[in-house]
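Participant: Next one to model:
(2 chains)
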Amino acid sequence: MNVKFSSAGAVVVSMYFDPFRLRYFGGPAAFSPSSGMSTDPSEHQLIAAAKADPARFAPLYEHHFADIFRFVLRRVQHRELTADLTQQTFLKAMLGLAKYEPRGLPFRAWLYRIALNEVRMHWRRRKEVLIDIGYRDVKGLSVEMGLELDEPEMQRLAKAMGKLDDERARLIELRYMDGLSFAELGQVLGIGEDAAKMRTHRVLGLLRTYLVPRK
Amino acid sequence: MKRQYRITPEGPPRLTDAEIARYRDPKRLIYNYTKAVQRPKRPLYKDPKAFIFLLLIVLLAYLISEGRLQPDPTPRSAPEQEPPVRTGG
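Facilitator: Predicted coordinates:
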């Protein structure tokens, strides 16, 4: 997909001016940037074709591989392991494709959900994980929290994020590091879009209380 | 499980699309899928020849067990004594 998200999680509007997209998908009406939903007709056709013949899953695989790979790599931070988990994600997607219903949400979110389960399965025996991230990954979050992108502020943020429980940390990662829309976030977590918004708002509030006061 | 975060200016190195493409392997995916959905070997009871063979063995075993366990329907009785021969008198 060419739909991009800024680090703050907002859809980059320039996608409307992509001439190929405009011609191919019939203009801006095909997208709903506020919700992040996609009614990409070509993707629906690809899914239908793959449902009928699993050998035709390849275009979907090619299309989403890089997204899913980066999504997994951001969490496990090991290339070979990421390749295995990504492969496993697509295998599970292929096996479960018959049960997949689009419901107006992007296929990508469904893949993220499977990938997240794979990562969790991999982590299940670990008591602690260290997630290495760059300033660019937390840019949106730091803006939301009113923090500067400098070392002391980022250390405060890292400590505060480390205090979040697994579920809340996952929500923050999906929203601000992976750049998912609330609709996608809802699909990944198995909740509604409004519930995703509300939970994010609450977690941000909690994160503010966890921030160590400035020296 | 607890998460710890390390936020650095550069962060971990980002992979380019070309680097990621090296890990893409659709053939392996299709192979794994085929292996996962492949129907198991035809069970013995669904193979006509094997089924008849199996049935014969079961039948034979049944008949042998019946022949051994069933008591003889004509129990052995004491040999009949000949009636005493009456001699005149």
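Participant: For the residue in chain A positioned nearest to chain B, which residues count as its bridge partners?
Facilitator: Distances from chain A to chain B, computed as Cβ to the nearest Cβ, single out A:Gly134 as the nearest residue at 1.9 Å. The way it works is simple: take the backbone N, C-alpha and C, and place the C-beta from them, glycine included. Beta bridges link A:Gly134 to B:Thr8 when assigned by DSSP bridges.
Participant: so who does it touch?
Facilitator: B:7-12 (Cβ atoms under 8 Å, 6 or more residues apart in numbering or on different chains).
Participant: What subset of those residues is buried?
Facilitator: Among the contacts of A:Gly134, those classed as buried by neighbour count (16 or more other Cβ atoms under 10 Å in any protein chain shown) are B:7, B:11.
Participant: what comes up buried for stretch B:31-47?
Facilitator: Residues of stretch B:31-47 classed as buried by neighbour count (16+ other Cβ under 10 Å): B:32-33.
Participant: typo on my end, it should be stretch A:55-65
Facilitator: By neighbour count, and taking 16+ other Cβ under 10 Å as the criterion, the buried residues in stretch A:55-65 are A:57, A:59-61, A:64-65.
Participant: Of these, which are in range of chain B?
Facilitator: Contacts with chain B within the buried residues of stretch A:55-65, counted by Cβ under 8 Å from any Cβ of the partner chain: A:57, A:61, A:65.
Participant: Any chance of a markdown table for the residues you listed, columns distance to A:Leu95, pLDDT and secondary structure?
Facilitator: Putting those into a markdown table (distance: Cβ to Cβ, whole Å; pLDDT from 0 to 100; DSSP: H, G, I helix; E, B strand; the rest coil) gives the following:
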| residue | distance to A:Leu95 | pLDDT | secondary structure |
| --- | --- | --- | --- |
| A:Phe57 | 10 | 91 | helix |
| A:Tyr61 | 13 | 93 | helix |
| A:Phe65 | 17 | 95 | helix |
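Participant: Does stretch A:99-113 reach chain B?
Facilitator: No: Stretch A:99-113 is not in contact with chain B by Cβ under 8 Å from any Cβ; minimum separation 13.1 Å.
Participant: Run the chain-centre distance for that stretch.
Facilitator: With Cα atoms, centre = their mean, to the nearest Å as the basis, stretch A:99-113 stands 12 Å off its chain's centre.
Participant: In CSV, list the C-alpha atoms belonging to that stretch.
Facilitator: Once non-C-alpha atoms are left out, stretch A:99-113 reads as follows in CSV (Å, rounded to 0.1, in the frame of the first residue of the first chain):
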residue,chain,number,x,y,z
LYS,A,99,-12.3,-16.9,7.3
TYR,A,100,-11.2,-13.4,6.6
GLU,A,101,-13.9,-10.8,6.1
PRO,A,102,-12.8,-7.3,5.0
ARG,A,103,-15.5,-5.3,6.8
GLY,A,104,-14.1,-2.1,5.2
LEU,A,105,-10.8,-2.4,7.1
PRO,A,106,-7.4,-2.8,5.4
PHE,A,107,-5.9,-6.2,5.0
ARG,A,108,-2.7,-4.9,6.5
ALA,A,109,-4.3,-4.5,9.9
TRP,A,110,-5.4,-8.1,9.9
LEU,A,111,-1.8,-9.1,9.0
TYR,A,112,-0.5,-6.9,11.9
ARG,A,113,-2.8,-8.7,14.2
